[in-house]
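**Q** Any chance you could fold what I've pasted below:
(4 chains, ligands or ions: 4)
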Amino acid sequence: MKRSNAPIFWALFGAGGMLSALIGGVLVIITGLAAPTGMGLPGDTLSYAKVLAFTQSWPGKLALFVVISLFLWHAAHRIFHTLHDLGIHAGLVARLLCYGVAAAGTLASIVALLQVA
Amino acid sequence: METFKADVAIVGAGGAGLRAAIAVAKKDPKLKIALISKVYPMRSHTVAAEGGAAGVVQAHDSLEHHFHDTVAGGDWLCEQDVVDYFVAHCTEEMVQLEHWGCPWSRKPDGHVNVRAFGGMKIERTWFAADKSGFHMLHTLFQTSLQFPSITRFDEHFCVDLLVEDGRAQGAVAINVASGEFVMIEAKSVVIATGGAGRVFRENTNGGIVTGDGMALAYRHGVPLRDMEFVQYHPTCMPGTGLLFTEACRGEGGFLVNKDGYRYLQDYGLGPAEPTPRNKAMELGPRDRLSQAFWYEQQKGRTIEGIHGSAVHLDLRHLGHKKLRERLPQICELAEEFMGIDPAKAPIPVRPAVHYTMGGILVDGNCASPLPGLYAAGECSSVGIHGANRLGSNSLSEICVFGKVAGDHAADFARSAKSAPSATLQKQADAAQMRALSLVRGNKGTERISVLRREMAETMERGCGIYRLGDEMQKTCNELENLRERYKRVKVDDTSSVFNTEWLLAIELGYQLQVAQAMAVSALNRKESRGAHQRLDDYKLRDDANYLMHTLATSAGDGPPVISYGEVKITHLPPGVRAYGAAGEAADAASKAKSAEGKAP
Amino acid sequence: MKAAPRTIRIEVLRYRPEQDKEPVVQGFDVPFTDDMSVLQGLQYIKDEFDGTLSFRWSCRMAICGSCGMMINGVPKLSCSTFLRDLYPNTVRVEALAHFPIERDLVIVLDDFITKLHKIKPYIIPKEPRALSQGEYLQTPEQMAQYEQFSACINCMLCYAACPQYGLNSSFIGPAAMALVHRYNLDNRDGGRAERDPYVHSEEGVFNCTAVGYCSEVCPKDVDPANAVNINKTESAKDYFLRFLKPKGAQA
Amino acid sequence: MSASNARRPYKRPMGGWWRKNPYFVEYMVHEGTALFVAAYALLLLAGVFALGRGEAAWNSWLALLRSPPSLLLHGVLLLGFLYHTWTWFNIMPRTLPPILIGGERVKATTITRAGLAAALVASVLVFALAARLAS
Ligand SMILES: Cc1cc2nc3c(=O)[nH]c(=O)nc-3n(C[C@H](O)[C@H](O)[C@H](O)COP(=O)(O)OP(=O)(O)OC[C@H]3O[C@@H](n4cnc5c(N)ncnc54)[C@H](O)[C@@H]3O)c2cc1C
Ligand code: SF4
Ligand code: F3S
Ligand code: FES
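**A** Ligands and ions are numbered 1, 2, ... in the order given. The predicted structure is shown next:
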């Protein structure tokens, strides 16, 4: 019996799922609602200087990387299975589309984060 | 017709059949085993057993006690040498099951726990909560999966045995899924098809418990022994007959009548005490308890409901926690089927048919008079239940004698040669023609359900808890008539694929013959013993004339020919069957007597 | 005193391979009393209206596992589902989902039986023991580890509830996995390594997407979803850590 | 099964299975929250890119974030995330080995509640951290 390689994707899915379940909501609130409107957070939370400082720091980079990549892997895995659930067994195509996007996103996030020197 | 060449064919994959198959496989891996069952093994009715299986373990218990309880419980109609073998091997079989994974309930120290059971002097019933049979069956089935020499024929319905050269040489079965026939050649055959409780109306048995194997052997001239002894279980659900295990009483449940009175004390089972005492009150044997119910009913002290009279099984005092832990299945049954929480309200119960003590005549090696034919389990009469079975003896029986049957069938197969296939094929073709005639060009007029109902009703009238000569005679006549009408049985379903109506028709044929053996055997036993209680001129046990086994031998279309066989008594001569305080007094007296005897 | 029986409409999805190209619905009006189960309703139909209706049953007490069917779209044991609870609506009865229909309400079970053989559901002793040594010791706590998973009656409701099984029947599925787990957790057993390859395989646990409906419908509270999902974690741990293990243990 | 016999097992199609049972509809909806998670990750990624391209690019990104459509979108995302959180911890008891406390098995609802509580605590902490970094 061929051993499944699913654990890799499943582990990423699980980690991303747990992270998003724990703090996904509050991140949306911070970056999408409170900070832009200044409700609950200082109006200049998202000022260029502050965001730059955060992103230039290694802890900041790491946090952003973890969130972006794990969220993507979580989503990719679920969407891949949902396609299967819907009867779209595109096999390799679906796999590439889902996990490919996640991989590309992960790479892109590394590139983008390193750009912010 | 597909054919399969086996060494040993086993018909029935309940507890007994599976145990036999494993025994053969372990004895000689080279022997090919065909295990035939009309349902998937885990659906066999062993699955429904709740209470547990007997096996002496406690230091203050002894094989002699188990022997005594069994023989006295069977009203001395037991084969004592066989009982000796039985009690000596129960515990080993229970341990064997444990090694195979059976989740027997445990004591805190990790050893197996035992509980009290009706008619047993000392606690010796091994149990797995109240799903003992379920766990035993699944353990045996799953264990059997590791033996490559076992080929299973699941959902194959056996329609006949192959008998050639005066010995059993295989079986013919219908593959239920396809309607095709399979011929299984074998050098020896074990029948393990279970009981026949379904010939009665209200019963605790599953729909598949229709006495098939008994009828198969009977048709080939093997006598059915002691068929008149049919056990009524005192605590069943009115209407459906579903069982509330004896363990309810073992755990301390009370039986009360409509006045809330523990009526058993009026029937020689007292004194009434708040906690269970072995072999007294609620822990008396089943026949006595069912009989007491009958009298209460006559006295108008039962509770009337839409399904007839009932008494109350009161478990409330055991409390919610203990009930969930020890009797979870009982709680489930009461809640789901009757909307009753046993911790809050008593459960209405009444006796229903539960067990067929009699069966295919076999000796202590499970060998029938037909060479090469063996039988084990409820379908057999190996001689341990006598006139009344003690609860928890039959789950042990299916293991102990399942193994014996397997071992001896294996030995027989190793020394036997098979008959030429061609002659067997001819027999198989004939069996196929007979079975097919029910569906091909059937111009019958008699509905299966009508015949079945009439059979069950007449059995209940004539062969109930208490019996009367003329009622039994009427039942015998009606059964003859029903067998005649059965020749015109109507089967609407002519298809091949999973034709259950066809199988029901064949089963009905089996049932009618088994019912007839029961009724005629009952009519001829002119005494009262164990589960056979007469209210006419034969109210008492009559050891002078009837300390004998009834043997019913088939006489074709007519009723069976009845003859009698000797009972093997080795060291416990017939005595008084007493329970409750009377029983203890009798015990003390006999102990004193034997002490006296031993005194210098 | 006996109330006049009420009548309930039971619609059965029938399929007779020799005459039907595909399943068809047939309705019956069945008189019933309060204590009648759906199974008894079907028996009534078979006895009184149409002897050709086929379905499996035996124990009538929710323990033999043969009478599972879709009742109003939900997998249930027909012997412990009561007509009184469905009245006055029409009851729709169909063979268990996700299995091939053999005939009427009878499904083909071969796949599960094959799986049963594959999972080695028997004690593979950690330490062999002779009968003369008596029973293995097992404390109630040790038994509690696996007891729930040993309560499975093989009724197949969980397979009928699991869409992943419906989409891909090579998936080991909930009940078989519960049984694997039952033996793995038994302190008498040492056979995990023999069962693991199947669990880890492409037909194994990772086909489960934690739908959880299997446990929802299980009549015996086995919680097979739990068995499957615990083993995902176990399997993943083994996948990543197998190289750290001293030797062997790799599939 | 020989080819000649009358068996012809019928396989029912799976199409539209998830519409047949409310339980499955709910399952598909909670699986659907993945789209929200992905969308949010991509938004963050876009933000980082904007940041990398300098102050002007960042400011226009910020303006975009402040626009009503963006706020609306984030509101919707928030609901998706909350639903994800809720369902994630609802399934959690089914995925964990039994947890024993004082010999008693911890109930499923307790595990779910504990998960939700953990999410709340984590969220408060993250928010407090954000507030500290921002001040
Ligand atoms: C509700 C209930 C509770 C019980 N509780 C206890 C208890 O607590 N303790 C105790 O000791 N005993 C108990 N008993 C009795 C005991 O369970 C049975 O006597 C015993 O299980 C019978 O086992 P068996 O192997 O002989 O038959 P079964 O388990 O009935 O098996 C019969 C087998 O034969 C097969 N078969 C039958 N006919 C055919 C055919 N024509 N073709 C092919 N196959 C066929 C069936 O498919 C099945 O596999 C109880 C019985 C009932 C009904
Ligand atoms: S796990 Fe539950 S639903 Fe599945 S087969 Fe076993 S008892 Fe039935
Ligand atoms: S329903 Fe199926 S997908 Fe998993 S949790 Fe149960 S096995
Ligand atoms: S008939 Fe046995 S489970 Fe329903």
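
**Q** what about whichever residue of chain A sits closest to chain D, how many neighbours?
**A** Proximity of chain A to chain D (C-beta to the nearest C-beta) peaks at residue A:32, 3.0 Å away. Where you see a C-beta, it was placed from the backbone N, CA and C, and this is true even at glycine. Residue A:32: 22 surrounding residues under other C-beta atoms under 10 Å in any protein chain shown.

**Q** Enumerate every residue touching it.
**A** By C-beta atoms under 8 Å, 6 or more residues apart in numbering or on different chains, residue A:32 lies in contact with D:40, D:43, D:65, D:70-71, D:73-74, D:77-78.

**Q** Check residue B:20 too.
**A** So residue B:20 contacts B:10, B:190, B:192, B:374, B:376, B:402-403, B:405-406, B:409 (C-beta under 8 Å, 6+ apart).

**Q** still on that earlier bit, give the helix, strand or coil label for the residue of chain A closest to chain D.
**A** Three-state call for residue A:32 (DSSP: H, G, I helix; E, B strand; the rest coil): helix.

**Q** The host helix or strand of residue B:158: how far from the chain's middle?
**A** Here residue B:158 sits within strand B:156-164, counting by DSSP states H and E. Between the centre of strand B:156-164 and the centre of its chain there are 22 Å (C-alpha atoms, centre = their mean, to the nearest Å).

**Q** Show me what secondary structure element comes after it.
**A** Heading C-terminal from strand B:156-164 (DSSP H and E), you reach strand B:167-175.

**Q** ok, residues contacting the helix or strand following that following strand?
**A** On the C-terminal side of strand B:167-175, the closest following helix or strand by DSSP H and E is strand B:180-185. The contact list for strand B:180-185 (C-beta under 8 Å, 6+ apart) reads B:1-6, B:9, B:34, B:36, B:153, B:156, B:159, B:162, B:169-175, B:418, B:421, B:424-425, B:428, B:431-432, B:435, B:496, D:2, D:5.

**Q** near chain B, anything from whatever helix or strand residue C:195 lives in?
**A** Using DSSP H and E, the element containing residue C:195 is helix C:192-200. No. For helix C:192-200, no contact with chain B is found by C-beta under 8 Å from any C-beta of the partner chain; the gap never falls below 10.8 Å.

**Q** quick one: that helix to chain centroid distance?
**A** The answer for helix C:192-200 is 21 Å, by C-alpha atoms, centre = their mean.

**Q** hey, C-alpha coordinates of that helix in CSV?
**A** Presented in CSV, the C-alpha positions along helix C:192-200 are these (Å, rounded to 0.1, in the frame of the first residue of the first chain):
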residue,chain,number,x,y,z
ARG,C,192,-0.2,-1.6,15.6
ALA,C,193,2.7,-1.9,13.2
GLU,C,194,0.9,-4.4,11.2
ARG,C,195,-2.2,-2.3,10.8
ASP,C,196,-0.4,1.0,10.3
PRO,C,197,0.5,0.7,6.6
TYR,C,198,-3.2,0.6,5.7
VAL,C,199,-4.0,3.5,8.0
HIS,C,200,-1.1,5.6,6.5
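
**Q** what mean pLDDT does it have?
**A** What helix C:192-200 shows for mean pLDDT is 97.

**Q** So which other helices or strands are in contact with the host helix or strand of residue D:121?
**A** Element membership of residue D:121, judged by DSSP H and E, is helix D:108-134. Here helix D:108-134 touches helix A:25-28, helix A:48-56, helix D:68-95, going by 3 or more C-beta pairs under 8 Å, 6 or more residues apart in numbering or on different chains; DSSP states H and E.

**Q** mind listing what's buried in the lowest-mean-pLDDT helix or strand in chain A?
**A** Within chain A, no helix or strand scores below helix A:92-95, which has a mean of 87 by mean pLDDT, DSSP states H and E. Buried residues in helix A:92-95, counted by 16 or more other C-beta atoms under 10 Å in any protein chain shown: residue A:94.
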